[in-house]
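Colleague: Fold the following for me, if possible:
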Amino acid sequence: MINIAVFVSGGGTNLQALLDAQDAGMLPHGRISLVLSSRDGVYALERAKNHGVPTVVVSRKAYPSSQAFDQAILDELEKNNIQLIVLAGFLSILGPELVARYDHRIINVHPSLIPSFCGAGFYGLKVHQAALDYGVKVTGATVHYVNEIPDGGEIILQKAVDVLPGDTPEILQKRVMEQAEWKLLPAAAELVCRRLSGENA
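Modeller: Here you go, the predicted structure:
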């Protein structure tokens, strides 16, 4: 059983999708063992507590440097024997040492079909606004491995979502979450857990 840490910074809707998938038996090779938040008081921490999952807050502001911040995160991961990190709306950037230590063991969901509308500065509603501004007819979500380049890691899964007439960034964001992100993230987490367990994914 692979121990998973889910990293959050806000409401935790993607965390909820993972918890629901675990409850439904869709994560047989993994277990959500820790929820780590970059901010105190966010609703994602309540979601974790409601499921009996241990939580910890590691705030970048509390540390003098990004290296100290990364080390604090690594200490929590080691303490909880974490083997896979799932970024679920985590707004802090992980440093190169942490990324290297967890090579091919950090996954992230991004609300577009990478390589479109991704990279530094593309997050949240900005991604959907960019898709609408460009006039694409299809967008979607991507789960990828995290490396040192923002949204630059190897793609694990993608799912397309139609852009409809009259869409606003908020409407499109909700559709992409419901039709793609909340399905892809648990499926990708299970794929990677199977790989880490030594089974052919």
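Colleague: where does this structure dip in pLDDT?
Modeller: 199-201 (pLDDT under 70).
Colleague: And Asp70, how close does it get to Pro96?
Modeller: 9 Å (C-beta to C-beta, to the nearest Å). Quick note: C-beta positions are derived from backbone N, CA and C, even for glycine.
Colleague: Let me fix that, I meant to ask about Glu154.
Modeller: Glu154 is 17 Å from Pro96, by C-beta to C-beta.
Colleague: What of Ser59?
Modeller: For Ser59, the distance to Pro96 - C-beta to C-beta - is 20 Å.
Colleague: same check, this time on Pro28
Modeller: Taking C-beta to C-beta, one finds Pro28 at 33 Å from Pro96.
Colleague: what's the answer for Leu36, then?
Modeller: For Leu36 relative to Pro96 (C-beta to C-beta), the value is 19 Å.
Colleague: residues touching His144, list them.
Modeller: 107-108, 110, 114, 151, 153-156 (C-beta atoms under 8 Å, 6 or more residues apart in numbering).
Colleague: Return the set of residues that bridge with it.
Modeller: Beta-bridge partners for His144, by DSSP bridges, are Asn108, Ile155.
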